[in-house]
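>>> heads up, no residue letters with this:
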């Protein structure tokens, strides 16, 4: 275990994973109902696991919540800064862009989804939590999992991943 931003991180208990932008947005969007509650819980517990964020997801979060006026810009920036401190983060590389372009041209995913997954793969993530891609599929060697697929709460897989 190592300390990160005052939190204890357990690096060996679960596979390395990442959170897609939609979960970050839901975590601050109280109008999202159950998805808000579940996403806030995921973000809270993910920081204690081997979860990495991509700079892309944090940047898209800020752009989405300010454009849609979900939260004021200063609150969105503060939350983004908190995540940049609390989570290890992965930057986009030229190779990830090439991979995302190939996946987009091959219609395996949208360019932005493919870029997030390719970046996560380079960071050693084997799983991405998102509702934007097909649950159970694999892209760039990373498994896609929809944490809301159960309907009434977090899937068992996410509960195990977060050690809930």
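That came through, no problem. Worth saying up front: this structure is predicted, and the values here are computed from it rather than measured.

>>> what ranges does this protein have for its strands?
2-4, 7-9, 17-19, 51-54, 89-90, 127-129, 138-139, 142-145 (DSSP state E).

>>> mind checking these for the one nearest to residue 151?
Set against residue 151 and scored by Cβ to Cβ, those come closest in strand 142-145, at 14.7 Å. (Each C-beta comes from the backbone N, C-alpha and C, glycine too.)

>>> direction included, what does the closest one pair up with?
Sheet pairing for strand 142-145, assigned by DSSP bridges, gives strand 127-129 (parallel), strand 138-139 (antiparallel).

>>> so which of these is the most surrounded?
Comparing these on average neighbours per residue, with mean count of other Cβ atoms under 10 Å, the densest one is strand 127-129 at a mean of 23.

>>> could the strands paired with strand 142-145 go into CSV alongside distance to residue 51?
As requested, these are exported to CSV (distance: least, Cβ to Cβ, whole Å):
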stretch, distance to residue 51
strand 127-129, 9
strand 138-139, 18
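
>>> mind putting these into a markdown table with mean pLDDT and distance to residue 120?
Compiled in a markdown table, the strands paired with strand 142-145 are given as follows (pLDDT from 0 to 100; distance: least, Cβ to Cβ, whole Å):
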| stretch | mean pLDDT | distance to residue 120 |
| --- | --- | --- |
| strand 127-129 | 96 | 6 |
| strand 138-139 | 93 | 10 |
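
>>> between those strands, which one is closest to residue 145.
When the strands paired with strand 142-145 are compared by Cβ to Cβ, strand 127-129 sits nearest residue 145, at 5.7 Å.

>>> related to what we said a few turns ago, mean pLDDT for the strands of the chain: which is lowest?
Comparing mean pLDDT over the strands of the chain, the weakest stretch is strand 2-4, at a mean of 37.

>>> and the strands of the chain as a markdown table, adding distance to residue 104?
Output for the strands of the chain, formatted as a markdown table (distance: least, Cβ to Cβ, whole Å):
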| stretch | distance to residue 104 |
| --- | --- |
| strand 2-4 | 33 |
| strand 7-9 | 33 |
| strand 17-19 | 19 |
| strand 51-54 | 17 |
| strand 89-90 | 19 |
| strand 127-129 | 16 |
| strand 138-139 | 11 |
| strand 142-145 | 16 |
